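Peer 1: kindly return the folded structure for what I paste below:
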Amino acid sequence: MTILAVPVVPDAPEAQRWLQEELAKPPYVAARPTWFDTLSQAFFDWLGSLTAPGGSGWGGWIPAIVVALVLAAALAAWLIYGPPRRNRRAGTAVQMFGADDRRSADDMRRAAQSAARAENWSLASEEIFRALAADLSERTVLTLTPGTTAHGFAERASAAFPAAGPRLRAAADVFDRVRYLGVAGADVDFQTLAALESDLRQQTPIRLEPLSRGVAS
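Peer 2: As a prediction, this is how the structure comes out:
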């Protein structure tokens, strides 16, 4: 006589354990959507929600048109200018006129103002000139390479701001006098440099230096 197998009917906890073990097998794990799949699907669902309603009006198409224009502009900017240029000062010391300096342009600007309040015009002039150089470096207008002198910086900055060329060269003269020649700075020196630093901080350069440039001036 053949004994027929009696099917085993698990209780609820046992059935849940069997289900978890089955879903843990590689084929099921591989079939799960990744975070990128989920994010992509959410984005395309959002794009799909921008379809225009019925009717002949253009109002419903405006969101979709805006998104398309933004994406097209971003793609064009990437193709023309390449990936965004990074701030190379972040977290690293920069060789600035013979000294390593980790401070930001804002830090140098505050140091200059503090020295000016103490009427230490030499230090104030030196710090505001450094703030000017650091700001152009942070904005990737130009790079500060080891061995760059104050006048070398002024010449390279003049290529980006031609109208400010004479003022930049005069500012380099002041920096060299107070930094290396031991000539005491004056109130007018600091005020002149501070005005130049403020003006260039608000101006747009006519061009940026190539990232590959590394020749000290």
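Peer 1: lowest-scoring secondary structure element of this protein by mean pLDDT?
Peer 2: Least confident helix or strand, the chain: helix 26-31 with a mean of 55, by mean pLDDT, DSSP states H and E.
Peer 1: can you pull the contacts of Arg109?
Peer 2: Counting by CB atoms under 8 Å, 6 or more residues apart in numbering, Arg109 touches Glu127, Ile128, Ala131, Glu197. Where C-beta positions appear, they are placed from N, C-alpha and C, glycine not excepted.
Peer 1: quick check, the first one in contact with Asp107.
Peer 2: No - the pair Glu127 and Asp107 does not pass the contact test of CB atoms under 8 Å, sitting 9.3 Å apart.
Peer 1: who has more neighbours, the two?
Peer 2: Using other CB atoms under 10 Å as the criterion, Glu127 and Asp107 rank with Glu127 on top: 24 against 15.
Peer 1: now that one: how far from Ala134?
Peer 2: Separation of Glu127 from Ala134 (CB to CB, to the nearest Å) stands at 10 Å.
Peer 1: shared neighbours of those two, anything?
Peer 2: Met108.
Peer 1: tell me the mean pLDDT over stretch 110-126?
Peer 2: The pLDDT scores in stretch 110-126 average 95.
Peer 1: span of that stretch from start to end?
Peer 2: 12 Å (CA to CA, to the nearest Å).
Peer 1: contact partners of it?
Peer 2: 103, 127-128, 131, 174-175, 178-179, 184-187, 189-190, 193-194.
Peer 1: identify each buried residue in that stretch, please.
Peer 2: When neighbours are counted by 16 or more other CB atoms under 10 Å, the buried residues of stretch 110-126 are found to be Ala111, Ala112, Gln113, Ala115, Ala116, Asn120, Trp121, Ser122, Leu123, Ala124, Ser125, Glu126.
Peer 1: out of those, which one sits closest to Thr145?
Peer 2: Checking those against Thr145 by CB to CB gives Glu126 as the nearest, at 19.9 Å.
Peer 1: element containing the closest one, please.
Peer 2: helix 121-138 (DSSP states H and E).
Peer 1: what does Asp100 give?
Peer 2: Taking DSSP H and E as the definition, one finds Asp100 inside strand 99-101.
Peer 1: any idea where the strands of the chain begin and end?
Peer 2: Here the chain has its strands, by DSSP state E, at 94-96, 99-101.
Peer 1: looking at those, which has the lowest confidence?
Peer 2: Ranked by mean pLDDT, the strands of the chain bottom out at strand 94-96, with a mean of 67.
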